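**Q** Please work out how this folds:
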Amino acid sequence: MPLLDETLGIGDLSRLTGVPVRTIRFYCDEGILDSVRSTGGHRRFDQAAVERLGLVRRLRGLGLGLPSIRDVLDGERSVAEVVAAERAALDVRLADLAWRRASLRAVEEAGPADRAARLELLAAVENGGAARDALIDFWRRTMVAPVSEAMLTAFVTMAVPEPPADPTPPQVVAFAELFALADDRELTRRLQAMARANAELVADEDELLNAISEACALARPMVRAGEPPRVGPALDRFVAAHASVRGGKDTPRFRDRLLACVAADRDPRMRRYWRLVAEAGGDPGALGVSHLWLTDSLERSVSSGGAAAGGGGKPRQGGAKDPARAGSGRLSGGSRAGADSSLTGVFGAGQTGGRP
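**A** As a prediction, this is how the structure comes out:
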């Protein structure tokens, strides 16, 4: 600290910086500014305090707290670092406010008969991030076998939508309904049982998943256009994907039994889940919805005669088998017809047998 006659009084510092005397005293007490006492007990500041206090004022003007400002003054973090951290924190707060606003609008716009139920539904979800975390936890619980981080990431990207920064009322309602489905214990138990069965039957999950993704990509334009399920190249690719991992062939009998195997994905709750994912994420052609379109196309193929390769072949007597009923026969390659090989079942099975 310079000699006292070269220092500034607190009033001088206030006039030079525009910071009130009371605030300067507070900064001194908090360790933000250094000072010495004159013989009369008054605070005295060196010339560097002018620049230091100016920086404090500018950072406070941007809303930064004293801990962050102290880090900058002590050289522990740069201005860019603390500003970036503050901006990220503000993004979170703004997202929370946007979620709250959309939730309030959703309750406001509900009809009188539905308003109480809508309020209860939305009150259970704190914000979009909490809903997404609950959905990720839901899928982790269904994965009864070890799964690679890459596979988990791929599945979460597909099955759990990112909350929008500025959601609409229908989107917050969709997330809240997904949150409620994730809390359905009976559904969780069914998916876990499906995963256990599938872990024993699917030889190469990666091959199957990649091929199913290709089939969904073929179906996506038709899904987005609102076209009804039908036989065609997308369904042929879907069935071929399942036949390949079992060493079988795409035949009417194979399609008939495969339909029973994908019954879990046609459960009304799972159908609702995938449609809510599409609504929450704003993508009507989301992978899950495209997969539903393919399983419905498979049902139509079986109902019209179980024909392979685009629908040729003779109609079958007696109509289609109940897609929700698991038979006791075997799929090509030794897979039981009663064991599920749905999209969720494949992911839920994880990776076994030491595969990476």
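**Q** now the longest helix seen in the chain, how far from the centre of its chain.
**A** Ranked by residue count, the top helix of the chain under DSSP state H comes out as helix 79-109. Put simply, helix 79-109 sits 17 Å off its chain's centre (C-alpha atoms, centre = their mean, to the nearest Å).
**Q** Check which residues of the next helix-or-strand element following that helix are buried.
**A** Using DSSP states H and E, the helix or strand that follows helix 79-109 in sequence is helix 115-123. For helix 115-123, burial by neighbour count (16 or more other C-beta atoms under 10 Å) applies to 118, 121-122. Backbone N, C-alpha and C define where each C-beta goes, glycine included.
**Q** can you check stretch 169-176 too?
**A** Across stretch 169-176, burial judged by 16+ other C-beta under 10 Å covers 169, 171-176.
**Q** any chance of those in TSV, plus pLDDT, secondary structure and distance to Leu235?
**A** Output for the buried residues of stretch 169-176, formatted as TSV (pLDDT from 0 to 100; DSSP: H, G, I helix; E, B strand; the rest coil; distance: C-beta to C-beta, whole Å):
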residue	pLDDT	secondary structure	distance to Leu235
Pro169	96	helix	36
Gln171	95	helix	31
Val172	96	helix	35
Val173	96	helix	32
Ala174	95	helix	28
Phe175	95	helix	31
Ala176	95	helix	34
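**Q** isn't Ile32 right up against Ser68?
**A** No. Counting by C-beta atoms under 8 Å, Ser68 is not a contact partner of Ile32; they are 11.5 Å apart.
**Q** one step back: which one of the buried residues of helix 115-123 sits closest to Ser297?
**A** Nearest to Ser297 among those: Leu121, at 32.5 Å, using C-beta to C-beta.
**Q** nearest residue to the closest one other than its sequence neighbours?
**A** Among residues not flanking Leu121 along the chain, Ala176 sits closest, at 4.8 Å (C-beta to C-beta, 6 or more residues apart in numbering).
**Q** I'd say that neighbour and Leu122 touch.
**A** Yes. Assessed by C-beta under 8 Å, Ala176 is found in contact with Leu122 at 5.1 Å.
**Q** Now do the SS call for the spatially closest residue to Ala95 that is not a sequence neighbour.
**A** Of all residues not flanking Ala95 in the chain, Ala165 sits nearest, at 5.7 Å (C-beta to C-beta, 6+ apart). Following DSSP: H, G, I helix; E, B strand; the rest coil, Ala165 is assigned to coil.
**Q** Show me the strands in this structure, by range?
**A** Assigned strands in the chain, in chain order: 8-9, 36-37, 43-45 (criterion: DSSP state E).
**Q** Among these, which comes closest to Val83?
**A** Each of the strands of the chain has some distance to Val83 by C-beta to C-beta; the shortest is strand 43-45, at 26.2 Å.
**Q** any idea how far that closest one is from the chain center?
**A** For strand 43-45, the distance to the chain centre is 55 Å (C-alpha atoms, centre = their mean).
**Q** Now do the longest helix of the chain: which elements does it pack against?
**A** If contacts are counted by 3 or more C-beta pairs under 8 Å, 6 or more residues apart in numbering; DSSP states H and E, helix 79-109 sits against helix 66-73, helix 115-123, helix 128-142, helix 169-182.
**Q** which stretch in those has the least confidence?
**A** When these are compared by mean pLDDT, helix 128-142 comes last with a mean of 89.
**Q** Can you check what angle separates that one from helix 169-182?
**A** Per axes from the mean of the first three to the mean of the last three C-alpha atoms, to 10 degrees, the angle that helix 128-142 makes with helix 169-182 is 30 degrees.
**Q** so helix 128-142 versus helix 79-109, what angle?
**A** Relative orientation of helix 128-142 versus helix 79-109 (the same axes, to 10 degrees): 90 degrees.
**Q** From the rest of the structure, what touches helix 128-142?
**A** With contacts defined as C-beta atoms under 8 Å, 6 or more residues apart in numbering, helix 128-142 is touched by 92, 95, 99, 125, 152, 155-156, 159-164, 167, 172, 175-176, 178-179, 182-183, 188, 191-192, 195, 344, 347-348.
**Q** Convert that helix to PDB, retaining C-alpha atoms only.
**A** Extracted C-alpha coordinates of helix 128-142, given in PDB (Å, rounded to 0.1, in the frame of the first residue of the first chain):
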ATOM      1  CA  GLY A 128     -38.000 -31.200 -18.200                       C
ATOM      2  CA  GLY A 129     -34.600 -32.300 -16.800                       C
ATOM      3  CA  ALA A 130     -36.200 -34.200 -14.000                       C
ATOM      4  CA  ALA A 131     -38.600 -35.900 -16.400                       C
ATOM      5  CA  ARG A 132     -35.700 -36.900 -18.700                       C
ATOM      6  CA  ASP A 133     -33.600 -38.300 -15.800                       C
ATOM      7  CA  ALA A 134     -36.600 -40.400 -14.600                       C
ATOM      8  CA  LEU A 135     -37.000 -41.800 -18.200                       C
ATOM      9  CA  ILE A 136     -33.300 -42.700 -18.400                       C
ATOM     10  CA  ASP A 137     -33.500 -44.400 -15.000                       C
ATOM     11  CA  PHE A 138     -36.600 -46.300 -16.200                       C
ATOM     12  CA  TRP A 139     -34.700 -47.800 -19.100                       C
ATOM     13  CA  ARG A 140     -31.600 -48.500 -17.000                       C
ATOM     14  CA  ARG A 141     -33.900 -50.600 -14.700                       C
ATOM     15  CA  THR A 142     -35.200 -52.600 -17.600                       C
END
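**Q** Show me which positions of it end up buried.
**A** Buried, per 16+ other C-beta under 10 Å, within helix 128-142: 128, 130-132, 134-136, 138-139, 142.
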